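1. here are the coordinates; sequence isn't available:
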């Protein structure tokens, strides 16, 4: 029963969660690793996640939290890596950012972290302002302000200054 | 601000966010659900075993745990760990060594502590059937050995050991003692702090297959940045 429920949840939400996390971290491979880790945690805590009011927001929030813990761990490890050069992408495999506009990823990475998280929840998970505020633990007005600032920054990437036409 | 310009702003914001959303339409998660579920099951097992180990160690009053997980006669081996003669399951503060039913030896490091007990690790690996020499700041070769390195590894090393990235981001080492050529042993030379500073951590260590029963030629000259 657990396997079936979880499989359905995963199949229905994995892509949208990946896009949300990608918007938050701006790195394709890291996003996939984080989402896989978050879904693994969802599997081990399925009895909690299945009753969560916004389970896919739980996954994305967990992915963002995991990123912070990985980053802290890496800082402690400094340059000491037992197998520092183990290839993470096998020859012939798809590159980490294939199919994505590198300028767009750079633009996303240029946004402050909180703005990227607001985009992840508001735009990609389609949560409303109140739910986004609850997921991020901030005020609804702050969500609105972060989104407006993010739009202002990204406008230059998507919109031609001459005619305000969205790029194809 | 006029109502007209406010509407323009809203429309433009919708355009920007819509384009952003659309730009990622092709992004899909390739990881199959089976892999996620398998990782989840393995983690649950590890957590259960860790609880058992903690309780057992506490009961025995041991700071250093050396344990074998027995299985009831009717039950399959748990978590893929091997049992019986030759099985090694050693868990210390710095590392853990577990022999598996497929003949591999899995080593997990606490990298923050990995300088603390090389002798212990060397003994544990030898006990698990993998002869190994571990040094810090010294790099050894057998007489006439090929000195070339590829990302810190000498010829043939990848058959014997490989890094395995865990779902939590940690890299564990998996050794295959059966793949060790006759008359050879594994040499692991970790760069010391000064050498790491010079190499930038690439490589952070040197691994080679070196001959047994001969005097090795060692140098403190670390490999250059690769």
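-> Here it is on my side, so go on. The shown structure was predicted, so the numbers you read here are calculated from the model rather than taken from an experiment.
2. Can you name every helix or strand that the helix or strand residue B:185 falls within contacts?
-> Per DSSP states H and E: residue B:185 is located in strand B:184-190. Secondary-structure packing of strand B:184-190 (3 or more CB pairs under 8 Å, 6 or more residues apart in numbering or on different chains; DSSP states H and E): strand B:132-136, strand B:139-141, strand B:205-211. Any C-beta I mention is one placed from the backbone N, CA and C, and that applies to glycine too.
3. Tell me which residues touch the residue nearest to residue A:131 when sequence neighbours are not counted, please.
-> Once flanking residues are discounted, residue A:131 sits nearest to residue A:54: 6.4 Å by CB to CB, 6 or more residues apart in numbering or on different chains. Contact partners of residue A:54, counting by CB atoms under 8 Å, 6 or more residues apart in numbering or on different chains, are A:125, A:127, A:131, A:135.
4. From residue A:153, how far off is residue A:106?
-> 12 Å (CB to CB, to the nearest Å).
5. Hey, what's the angle from the helix or strand where residue B:126 lies to strand B:184-190? Just curious.
-> According to DSSP H and E, residue B:126 maps onto helix B:118-127. With axes from the mean of the first three to the mean of the last three CA atoms, to 10 degrees applied, the angle from helix B:118-127 to strand B:184-190 works out at 160 degrees.
6. Need the contact partners of helix B:118-127.
-> Outside helix B:118-127, the residues that reach it (CB under 8 Å, 6+ apart) are B:88, B:90, B:92, B:94-95, B:97, B:105, B:107, B:131-136, B:175, B:186, B:190.
7. Repeat the analysis, applying 10 Å as the threshold.
-> B:64, B:66, B:86-99, B:105, B:107, B:109, B:114, B:117, B:130-136, B:173, B:175, B:177, B:185-186, B:188, B:190 (CB atoms under 10 Å, 6 or more residues apart in numbering or on different chains).
8. Narrow those to those that are buried.
-> By neighbour count, with 16 or more other CB atoms under 10 Å in any protein chain shown, these hold B:87-92, B:94-99, B:105, B:107, B:109, B:114, B:117, B:130, B:132-135, B:173, B:175, B:177, B:185-186, B:188, B:190 as buried.
9. Go ahead and confirm residue B:15 touches residue A:157.
-> No: between residue B:15 and residue A:157 there is no contact under CB atoms under 10 Å: 11.9 Å.
10. so where's chain B shaky on pLDDT?
-> Counting by pLDDT under 70, chain B shows low-confidence ranges at B:1-9, B:49-80, B:82-86, B:93-94, B:109-116, B:165-171, B:199-202, B:224-226.
11. where exactly do the helices run in chain B?
-> B:3-23, B:33-60, B:118-127, B:157-160, B:193-199 (DSSP state H).
12. Throw these into JSON lines and include distance to residue A:36 and mean neighbour count, thanks.
-> Converted to JSON lines, the helices of chain B look like this (distance: least, CB to CB, whole Å; neighbours: other CB atoms under 10 Å in any protein chain shown):
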{"stretch": "helix B:3-23", "distance to residue A:36": "22", "mean neighbour count": "14"}
{"stretch": "helix B:33-60", "distance to residue A:36": "6", "mean neighbour count": "14"}
{"stretch": "helix B:118-127", "distance to residue A:36": "29", "mean neighbour count": "18"}
{"stretch": "helix B:157-160", "distance to residue A:36": "25", "mean neighbour count": "18"}
{"stretch": "helix B:193-199", "distance to residue A:36": "30", "mean neighbour count": "16"}
